[in-house]
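Novice: Just the structure for this:
(chains A and B)
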Amino acid sequence: GQQLNQSPQSMFIQEGEDVSMNCTSSSIFNTWLWYKQEPGEGPVLLIALYKAGELTSNGRLTAQFGITRKDSFLNISASIPSDVGIYFCAGQSSPYSGNTPLVFGKGTRLSVIA
Amino acid sequence: GAVVSQHPSRVICKSGTSVKIECRSLDFQATTMFWYRQFPKQSLMLMATSNEGSKATYEQGVEKDKFLINHASLTLSTLTVTSAHPEDSSFYICSARDSRGEHTQYFGPGTRLTVL
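Specialist: The predicted structure is shown next:
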């Protein structure tokens, strides 16, 4: 089945540093989503991307939908302690087919050192 | 953003009992909801796709008679873990797909199930 390769698996950074993570796929997706999950909670949607080449920001977060539709990246600028968590990318191959499940990356575990 | 609730947030039960978990989309309608299971430090594992008014679609290896899913309305899906055993202990998360627009998928806060 479809798989997403998400990297890095984990990151330890200093507060104030910028962070970059990405996901790649061998197949095309029509939608890319980025979620953040904190311990004991469900994933929270950060950014949704629906068009190839789209660059979208949400506060200090910026994500882009790759032109080839096979990749996406998420950047976090000026990290703060509350950015700690696991970030998941997810792809959807058919945007208007309600039954198509998301394909998830394995997550990037972010630790911020104050 | 859209809100999805799950109830209960935590449940502890004895082996052999059944547990029902509810998933509700609070401010949108969802013809499709998904149930996931997550083990510690791992990604989400899709268990089944729940469609309003029809039978759920289960992923390979997921027993449909053990994990009963009912999607009785456009805002509610339930997962019942029947005859639970300790190996069923896990974090169960539902998500609901907004029927409007881009069909964005939103997650519930999860239910921690512990079977003694």
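Novice: Tell me the bridge partners for A:R109.
Specialist: A:S10, A:I86 (DSSP bridges).
Novice: now swap in A:K36 and tell me
Specialist: Beta-bridge partners of A:K36, counted by DSSP bridges, are A:V44, A:Y87.
Novice: Contact partners for it?
Specialist: A:K36 makes contact with A:43-44, A:46, A:85-88 under the criterion C-beta atoms under 8 Å, 6 or more residues apart in numbering or on different chains. C-beta: built from backbone N, CA, C; applies to glycine.
Novice: Now with 6 Å, please.
Specialist: A:44, A:46, A:85, A:87 (C-beta atoms under 6 Å, 6 or more residues apart in numbering or on different chains).
Novice: for A:I28, same thing?
Specialist: Applying C-beta under 6 Å, 6+ apart, the residues contacting A:I28 are A:R69.
Novice: and which of the contacts of A:K36 is nearest to chain B?
Specialist: Proximity of those to chain B (C-beta to the nearest C-beta) peaks at A:V44, which lies at 7.1 Å.
Novice: what about A:I67, distance to A:N22?
Specialist: Distance from A:I67 to A:N22, counting by C-beta to C-beta, to the nearest Å: 14 Å.
Novice: Which residue, other than its chain neighbours, is closest to residue 22?
Specialist: Since no chain was named, I'll use chain A. Nearest-residue entry for A:N22: A:F73, 4.1 Å, with adjacent residues in sequence omitted and distances by C-beta to C-beta, 6 or more residues apart in numbering or on different chains.
Novice: my bad, the chain I had in mind was chain B
Specialist: Once flanking residues are discounted, B:E22 sits nearest to B:H7: 4.7 Å by C-beta to C-beta, 6+ apart.
Novice: What of B:T49?
Specialist: Among residues not flanking B:T49 along the chain, B:T57 sits closest, at 4.5 Å (C-beta to C-beta, 6+ apart).
Novice: rewinding a little: if you rank the contacts of A:K36 by neighbours, which is first?
Specialist: A:Y87 (24 neighbours; other C-beta atoms under 10 Å in any protein chain shown).
Novice: State the distance from that residue to A:S72.
Specialist: From A:Y87 to A:S72 the distance is 12 Å (C-beta to C-beta).
Novice: now swap in B:T80 and tell me
Specialist: The gap separating B:T80 from A:S72 is 36 Å, by C-beta to C-beta.
Novice: between those two, who's got more neighbours?
Specialist: A:S72 (28 against 15).
Novice: Ramachandran angles for the more buried one?
Specialist: Torsion angles at A:S72 (phi, psi; degrees, to the nearest 10) stand at phi -150, psi 150.
Novice: What score does B:V81 have for pLDDT?
Specialist: At B:V81, the predicted lDDT confidence score is 97.
Novice: OK, contacts around it?
Specialist: Applying C-beta under 6 Å, 6+ apart to B:V81 gives the contacts B:19, B:88.
Novice: Cool, thanks, signing off.
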